[in-house]
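Chemist: For reference, the sequence and a predicted model appear below.
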Amino acid sequence: MTEAAATTKTAMPKGEAADTQDLTDGFHLVIDALKLNGIETIYCVPGIPITDLGRLAQASGMRVISFRHEQNAGNAAAIAGFLTKKPGVCLTVSAPGFLNGLTALANATTNCFPMILISGSSEREIVDLQQGDYEEMDQLAIAKPLCKAAYRVLNAADIGIGVARAIRAAVSGRPGGVYLDLPAKLFGQVMDAEAGRRSLVKVIDPAPAQIPAPAAGARARDVLKRAKRPLVILGKGAAYAQADEAIRVFIEKSGVPFLPMSMAKGLLPDTHPQCAGAARSLVLKDADVVMLIGARLNWLLSHGKGKTWGEPGSKKFIQIDIEPKEIDSNVEIVAPLVGDIGSCVSALLQGMGDKWPAPPADWIDAIRAKREENIAKMAPKLMKNSAPMDFHSALGALRSVIRERPDAILVNEGANTLDLARGIIDMYKPRKRLDVGTWGVMGIGMGFAVAAAIETGKPVLAVVGDSAFGFSGMEIETICRYKLPVCVVVFNNNGIYRGVDVNPGGGPDPAITAFVPGARYDRMIEAFGGVGANATTPDELKRAVDAAMDSGKPTLVNAVIDPAAGSESGRIGNLNPKSGLKKK
Ligand code: ADP
Ligand code: MG
């Protein structure tokens, strides 16, 4: 659709001199500003005051995906940002809808995913005097501490610059979530169409390259060259950067073993000879030089210290990150490289010359031995064709699905379902594994699955625990409505962590972690015209998922898992505080 078509032609009464005057309004300016900047998709839940914005966006040729709950729309926008390096846009109504979307915005910011939450809001005059407007809330003030930047636009003529600021804030430097507050009155504001067009801003070079200082590169190479037991840790920042080829060349040229964080799996295949994923404990404990590429030393890496990391003082850290404040966040970084990952890795490579020394053979051999030992130990568990299934046998089947379909996108959430799938399902290509991220948050499942299908057009396999599924399960209607090639596998062990707990008080209520036993989640999707299947063995599971992936039809497979399988909080049960009182 042309720009002119997005403006309104207002007819003057017949016979007047200026027969027509081209006008535009806030609705059209928001849409034009997004489209001018290459944003073609909006994830939303319609309602007052943004219903017409969604309609007009759809009329203008944008893809507008309408969800059942804003948190899922927000999660979809966030992961769209991760996958495309463009801010994903989520559109919500005021106050409650805004708050529902805010969880996703905060989560996006925590994970460094670029996203813009656009919410309609009530009138400033009434909100600021607290006179009780419809859905009254000072949304801008509430959003501010939870995102990277927050802006409000009051005049139609400022929409262009407001959208431009939001886009640049979301994707430049460390990416994150941005809030854009658009009061209801703004949408109806009318202005001259030509002036409106001129007010729009196309953001030039929204995420400029950030080149590291040459001395920083030399310092990092020096530390790496002297290492006896080097290790590279690849994080989701490296996956986001889309510097896949430079990273592969650097890893292979250096010969350094690498450990992918969960969403960096597949940046190089998990089956790559240098992948130390199956020897994780060994490499973290014994490495003497650790190079972090787009990974933070947060709780997921035990803050770079403690038992996991072996003897105190036994390690030197090199870190590549775009955010200068990340350096020295938890431990001393002897060689920081501040810049974007593509530029930093290229700078490192340039100085490596033709003959870079391979890491000592005893280190490489020790890792290989450990990896082979661990893989052999795991193999029989993955091949058991038992009923009921346990996590390993069910995941063994899904592991084969991904091996045979490396282009498929795997969405993964849950406790045991997450922790075990992360280790068991090998990934082969970059940005194919999407999961609970930095917060370990439940509820990303269906939002991520929808956006993964929309943004990539590839088949999606969502492997989710029965508890995790509950947070976003209603979006299977969305998946059916948009006919998305998504296969959801619910690992159903009748409860949170496991399904066998009893009420410790002995009363009639079930235990807080127990769900309805023997529930049939597959029947939910049938209500919306999708395909449901019940799988009680790994063979049945594999067949059902293969059929779904071949057909591209929205499918939900209820995978019956032994209710006694599963441990409290999966692998992070140690984070549960214990009662300070001594047991009698
Ligand atoms: P993981 O959870 O996989 O360990 P984190 O989310 O903790 O990864 O870390 C990602 C890091 O990557 C963040 O510190 C972020 O600043 C950084 N980052 C994101 N994008 C880029 C980029 N393009 N270049 C450099 N660093 C980046
Ligand atoms: Mg469960």
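Modeler: That came in fine, so what should we check first? Ligands and ions are numbered 1, 2, ... in the order given.
Chemist: Which positions in the stretch 1-150 of the chain make contact with ligand 1?
Modeler: The stretch 1-150 of the chain has residues Asn111, Cys112 near ligand 1, with proximity defined as C-beta under 6 Å from any ligand atom. Placement of C-beta: from N, CA and C, glycine included.
Chemist: residue boundaries of the helices in the stretch 1-150 of the chain?
Modeler: 26-36, 51-59, 70-84, 95-111, 124-128, 139-143 (DSSP state H, counting those that start in this stretch).
Chemist: List the buried residues in the second one.
Modeler: To tie it back to what came earlier, the one meant is helix 51-59. Leu53, Gly54, Leu56, Ala57 (16 or more other C-beta atoms under 10 Å).
Chemist: can you list contacts of it?
Modeler: 27-28, 30-31, 34, 42, 44, 46, 64, 66, 91, 120, 187 (C-beta atoms under 8 Å, 6 or more residues apart in numbering).
Chemist: Among the residues you listed, pick out the one closest to ligand 2, please.
Modeler: Closest approach to ligand 2 among the contacts of helix 51-59 (C-beta to the ion): Ser66, at 29.5 Å.
Chemist: Report the residue spans of this protein with pLDDT below the cut-off.
Modeler: Filtered on pLDDT under 70, the chain yields the residue ranges 1-20, 583-584.
Chemist: Which residues of it lie near ligand 2?
Modeler: Residues of the chain lying near ligand 2 by C-beta under 5 Å from the ion: Gly465, Asp466, Ser467, Asn493.
Chemist: Domains in the protein, by residue range?
Modeler: As given by automatic domain parsing, the domain ranges for the chain are 9-199, 214-367, 384-567.
Chemist: tell me the most buried of the helices of the stretch 1-150 of the chain?
Modeler: Comparing these by mean neighbour count (mean count of other C-beta atoms under 10 Å), helix 70-84 ranks first with a mean of 30.
Chemist: right, and Glu323 touches Arg174 too?
Modeler: Yes - shown here, Glu323 and Arg174 form a contact pair, counting by C-beta atoms under 8 Å, at 4.1 Å.
Chemist: follow-up on the earlier one: identify the farthest-apart pair in the buried residues of helix 51-59.
Modeler: For these, the farthest-apart pair by C-beta to C-beta is Gly54 and Leu56; their separation is 7.5 Å.
Chemist: those helices in the stretch 401-550 of the chain, which residues are they?
Modeler: 416-424, 445-456, 466-472, 476-481, 522-526, 538-551.
Chemist: bridging residues for Arg433?
Modeler: Leu410 (DSSP bridges).
Chemist: What's the separation between it and Leu267?
Modeler: Arg433 is 10 Å from Leu267, where distance means C-beta to C-beta, to the nearest Å.
Chemist: Same question for Gly120.
Modeler: Relative to Leu267, Gly120 is positioned 39 Å away (C-beta to C-beta).
Chemist: of the two, who's got more company?
Modeler: The neighbour comparison of Gly120 against Leu267 (other C-beta atoms under 10 Å) goes to Leu267, with 30 against 25.
Chemist: Contacts only, for the spatially closest residue to the more buried one that is not a sequence neighbour.
Modeler: Here the nearest residue to Leu267 in space, its sequence neighbours aside, is Pro430; by C-beta to C-beta, 6 or more residues apart in numbering that works out to 4.8 Å. Going by C-beta under 8 Å, 6+ apart, Pro430 touches Ala239, Gln242, Asp244, Gly266, Leu267.
Chemist: Which of those sits closest to ligand 2?
Modeler: Using C-beta to the ion, Gly266 comes nearest to ligand 2 of the contacts of Pro430, at 25.9 Å.
Chemist: residues from the stretch 301-450 of the chain in reach of ligand 1?
Modeler: So the stretch 301-450 of the chain meets ligand 1 at Asp321, Ile322, Glu323, Glu326, Asp340, Ile341, Thr438 (C-beta under 6 Å from any ligand atom).
Chemist: returning to that earlier point: can you say which two of the residues of the chain next to ligand 2 are spatially most distant?
Modeler: Ser467 and Asn493 (9.2 Å).
Chemist: if you count what's nearby, which of those two comes out ahead?
Modeler: Each of Ser467 and Asn493 has its neighbours counted (other C-beta under 10 Å); Asn493 has more, 31 against 23.
Chemist: Would you mind giving both backbone torsions of that one?
Modeler: Per-residue torsions, Asn493: phi -110, psi 30 (degrees, to the nearest 10).
Chemist: Of all residues in this protein, which one is nearest the centre?
Modeler: Ile79 (4.2 Å; C-alpha atoms, centre = their mean).
Chemist: separation between that residue and Lys429?
Modeler: 16 Å.
Chemist: ok, now Gly54?
Modeler: As judged by C-beta to C-beta, Gly54 and Lys429 stand 33 Å apart.
Chemist: So what's the residue count around the residue of the stretch 201-350 of the chain found nearest ligand 2?
Modeler: Nearest residue of the stretch 201-350 of the chain to ligand 2 (C-beta to the ion) works out as Ser262 at 19.4 Å. Neighbours of Ser262 under the rule other C-beta under 10 Å: 23.
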